[in-house]
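Visitor: Attaching a predicted model along with its sequence, questions to come.
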Amino acid sequence: MTCNTFRNSTLLASAAICLSVSASAETLRWASTTDPQTMDPHAVNSAPVLSFLNNIYEGLVRRGQDMSIEPSLAASWEPLEGEDGWRFNLRQGVKFQDGSDFTAEDVMFSYQRASNEAADVRSWFAPVADVRVVDDHTVDFVTKAPNPLFPDSIANFMILDKGWAEANDAALPARDAENYATMNVNGTGAFTLVSRDPGVKTVLAPHAGWWDEAGHNLTEAVFTPIGNSATGLAALLSGEIDFIQPIPLQDVAQVESRDGFKVLEGEETRVIMFGFGHEHEKLLYSSDVSDANPFADPRVRLAAAHAIDVASIDRVLFRGKIEPASQLVPADISGYSEANSSRPDYNPDRAKELLAEAGYPDGFSFGLKCPNDRYINDEAVCRAAASMFAAVGLKAELSTGPVRDYWPQLREDDFDMYLLGWSPGTFDMEHPIRFLMHTQDNDKKLGSWNFGGYSNARVDELLPMIQQEIDPAKRQMMIDEVVKTTQSEVAYIPLYTQPLIWAAKDNVDLTQRADNFFMLRWVTVN
């Protein structure tokens, strides 16, 4: 029996084809532009890492094909009685890939590890006041206030085996270095690691002892990072690989015209934006401004926003596939502010007026940092933006490079302006407020991806209120205020929502999720 289902909304942008898994077992060879930089699920909070490792590790909850939250290592959960928080009732009989038992101690260990200062994912646990092991199969997460979104917020919180990590000196993650967990794994998930050659090839195989029923027919999955899009497409069309994400938009027609291949299109829940060095006292890469940071003035930031012609970027680089963005989540995401849905229009004359008002009638030069292998057309977008900036007097010195070098540069404040893409892990506006808009606060685990140091006391005040409020209308009013405030201050320049463009052989059936995660457990090769 065969069933075909296609979904095409912003939130559920998925194209799923379900087939009976009675087909013969097969090898899947797939490629993407970005190699996951680590096998440690707590070291790097980025989609390429989390997507890949969700095939190996599991969390208490997981997202289904339609992005809904469903049980995983927790068979069920419910609110705590008499205090704020959640009780997770763990699945019994689950074993890690080395045969050891999964218990509540592994959850506690993983929480302590993932919330440590060494972890890049620690902001996930900002609402947590305490964690208690009730018994071997029950864990309580006590929150500082009512937090109805908490189960959704930990869908990518993956559980490590306490004994394995401690025995291999991997009790803490190594974000900018390496330890045993950087190259080795021991999860409970559907697949396990066979071999790993970073930047070259990673081989996975099914976990024979997986607790769940396999929805795939794979015996092996071989991943090859291919940074050059033309090379990747050639590998697909020649039969060297079976699936690739993404492909260049200009190649969609070519793939569709070839027998034996198909294109899967959707809209990712990721907004591409420019960020600024708000807290920088001076520009780092300017040849004409040495003692100030013009981007500290909101008029200059607004001038930069008015200089960007998103419609032209769409027409030239994306062939009409992108949606302009006014805020840090796409429309249809929970909390999207309909009251603030307009964005600065393309208006070079107004940009020049604002620069003159701010004291820069002739503009100035600055450094623009961008990755060249993380987002669709990322380098091309930055080159187009640099040209648009130049037309109003903002002379961008563009620097691009691989994402493995890019994230350390952002963490070290080595930029004047930078490109960033963000997909809300909770599918709610609260997520980018917590990560990108709240003042950086390591103690509270907040603002961990707020690289430029944007800070507004009212935004900080509203975040916990948004997290706690259960009345939808009151909650939306507070979110609207945050969006209005950050728009008026031009905290970021939201550009557009990134499209999903995947390509595969006709005999490969898979699910395209709106978060751009590729899950092997739903793949069949026929």
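Guide: Cool, the structure landed.
Visitor: Which parts of the stretch 351-500 of the chain are strands?
Guide: 364-371, 394-401, 417-422, 492-505 (DSSP state E, counting those that start in this stretch).
Visitor: Nearest to S115, out of these?
Guide: Set against S115 and scored by CB to CB, the strands of the stretch 351-500 of the chain come closest in strand 417-422, at 21.1 Å. C-beta here means a position set from N, CA and C on the backbone, and glycine is covered the same way.
Visitor: got the buried residues for the closest one?
Guide: For strand 417-422, the neighbour count (16 or more other CB atoms under 10 Å) marks M417, Y418, L419, L420, G421, W422 as buried.
Visitor: circling back: distance to W164 and mean pLDDT added to the strands of the stretch 351-500 of the chain, as a markdown table?
Guide: Below are the strands of the stretch 351-500 of the chain laid out as a markdown table (distance: least, CB to CB, whole Å; pLDDT from 0 to 100):
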| stretch | distance to W164 | mean pLDDT |
| --- | --- | --- |
| strand 364-371 | 33 | 98 |
| strand 394-401 | 34 | 97 |
| strand 417-422 | 32 | 98 |
| strand 492-505 | 34 | 96 |
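Visitor: ok, which stretches of the stretch 401-526 of the chain are helices?
Guide: 403-411, 430-432, 457-468, 472-488 (DSSP state H, counting those that start in this stretch).
Visitor: Can you tell me which of those is packed in deepest?
Guide: helix 430-432 (a mean of 25; mean count of other CB atoms under 10 Å).
Visitor: which of the residues in the helix or strand that contains T182 are buried?
Guide: Remark: T182 resides in helix 180-183, with elements defined by DSSP states H and E. For helix 180-183, the neighbour count (16+ other CB under 10 Å) marks Y180, A181, T182 as buried.
Visitor: now the second one: how far from S195?
Guide: Which is A181. Computed as CB to CB, to the nearest Å, the A181 to S195 distance reads 16 Å.
Visitor: Check the chain for its longest strand and report it.
Guide: In the chain, taking DSSP state E as the definition, the longest strand is strand 261-276.
Visitor: and the angle from that one to helix 403-411?
Guide: 20 degrees (axes from the mean of the first three to the mean of the last three CA atoms, to 10 degrees).
Visitor: T182 reaches A43, doesn't it?
Guide: Yes - in this structure, T182 is within contact of A43 by CB atoms under 8 Å, at 7.2 Å.
Visitor: shared neighbours, the two?
Guide: Common neighbours of T182 and A43, counting by CB atoms under 8 Å, 6 or more residues apart in numbering, are A174.
Visitor: Please save the CA atoms from stretch 100-120 in PDB.
Guide: C-alpha atoms of stretch 100-120 as PDB (Å, rounded to 0.1, in the frame of the first residue of the first chain):
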ATOM      1  CA  SER A 100      23.800   0.200  28.800                       C
ATOM      2  CA  ASP A 101      20.400   1.000  30.300                       C
ATOM      3  CA  PHE A 102      18.800   4.400  30.000                       C
ATOM      4  CA  THR A 103      17.700   5.900  33.400                       C
ATOM      5  CA  ALA A 104      16.800   9.100  35.000                       C
ATOM      6  CA  GLU A 105      20.500   9.600  36.000                       C
ATOM      7  CA  ASP A 106      21.300  10.000  32.300                       C
ATOM      8  CA  VAL A 107      18.700  12.700  32.100                       C
ATOM      9  CA  MET A 108      20.100  14.500  35.100                       C
ATOM     10  CA  PHE A 109      23.600  14.200  33.800                       C
ATOM     11  CA  SER A 110      22.700  15.500  30.400                       C
ATOM     12  CA  TYR A 111      20.800  18.400  31.900                       C
ATOM     13  CA  GLN A 112      23.800  19.400  34.000                       C
ATOM     14  CA  ARG A 113      26.100  19.000  31.000                       C
ATOM     15  CA  ALA A 114      23.800  20.900  28.600                       C
ATOM     16  CA  SER A 115      23.200  23.800  31.000                       C
ATOM     17  CA  ASN A 116      26.900  24.200  31.900                       C
ATOM     18  CA  GLU A 117      28.700  27.400  30.700                       C
ATOM     19  CA  ALA A 118      30.700  25.200  28.300                       C
ATOM     20  CA  ALA A 119      27.500  24.200  26.400                       C
ATOM     21  CA  ASP A 120      26.200  26.200  23.500                       C
END
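Visitor: And that stretch, what's buried?
Guide: 102-104, 106-107, 109-111, 113-116, 118-120.
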